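Novice: The amino acid sequence is not available; the structure is as follows:
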């Protein structure tokens, strides 16, 4: 048996093992690289969403208190409520009134950056609602979060606590149309300074003031 025959016989016998070993080494060498890249891509996708929510939250926190109240009224108008801002120095803890299906509910807005909403804040709001609620509920909305004792206090009460990230979920429920991450400003009512909300008219859509019926300003959408 000459040398060529010997190599041919060895290859026919050992060839599949050699090829399998080569493939195994290739996978051991490059497999971790592919896994790392997949994890990085996944983290980038999830991180982009997280940063997007954080950017929106930062934008909300940079508002003036009155701007935040108007924004919340605009948001609930997008969610199908008649909403108007009522905040003033002696508002009794109510910043926005909303109505839907003949039921009135009340909102207090706190544009906090680092301060948490404490039990005393929520208790005062509940006291302000004692003579107002008749089938409706109270919403305490903040751009930060609530303490645990504040959350426990409302467990058996008609008050919904909306922290910063729950507020973002409300914005997404409204279609994200009021979630301007670029800082684009909403249209402002020239009569009272409220936000102009797009509404459906009998014939054509129009912009109506978020403080309706107190302010009845409207303008056709061109």
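Specialist: Okay, I see it. Everything numeric in this text was worked out from a predicted model, so none of it was measured.

Novice: from here on, contacts and neighbour counts on C-alpha atoms
Specialist: Will do.

Novice: Would you map the helices across the protein?
Specialist: Ranges of helices in the chain, per DSSP state H, are 3-61, 65-78, 119-129, 148-153, 164-173.

Novice: what's the least confident stretch among those?
Specialist: Averaged per stretch, pLDDT over the helices of the chain is lowest on helix 3-61, reaching a mean of 59.

Novice: What separation is there between residue 212 and residue 148?
Specialist: 36 Å (Cα to Cα, to the nearest Å).

Novice: Which one's more surrounded, these two?
Specialist: residue 212 (16 against 11; other Cα atoms under 10 Å).

Novice: show me what contacts the more buried one?
Specialist: 82-84 (Cα atoms under 8 Å, 6 or more residues apart in numbering).

Novice: ok, so of the residues you listed, who is nearest residue 64?
Specialist: Within those, the smallest distance to residue 64 is 17.3 Å, found for residue 84 (Cα to Cα).

Novice: Residue 58 and residue 64: what is the separation?
Specialist: Distance from residue 58 to residue 64, by Cα to Cα: 12 Å.

Novice: between these two, which one's more packed in?
Specialist: Between residue 58 and residue 64, counting by other Cα under 10 Å, residue 58 is the more crowded of the two (15 against 11).

Novice: Look up how far residue 118 lies from that one.
Specialist: 21 Å.

Novice: Tell me which other helices or strands the longest strand along the chain touches.
Specialist: For the chain, the longest strand by residue count, based on DSSP state E, is strand 103-110. Where contact means 3 or more Cα pairs under 8 Å, 6 or more residues apart in numbering; DSSP states H and E, strand 103-110 is packed against helix 65-78, strand 96-100, strand 138-142.

Novice: Can I get the ones you listed in CSV including mean neighbour count and distance to residue 199?
Specialist: Converted to CSV, the helices and strands packed on strand 103-110 look like this (neighbours: other Cα atoms under 10 Å; distance: least, Cα to Cα, whole Å):
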stretch, mean neighbour count, distance to residue 199
helix 65-78, 22, 9
strand 96-100, 20, 15
strand 138-142, 23, 24
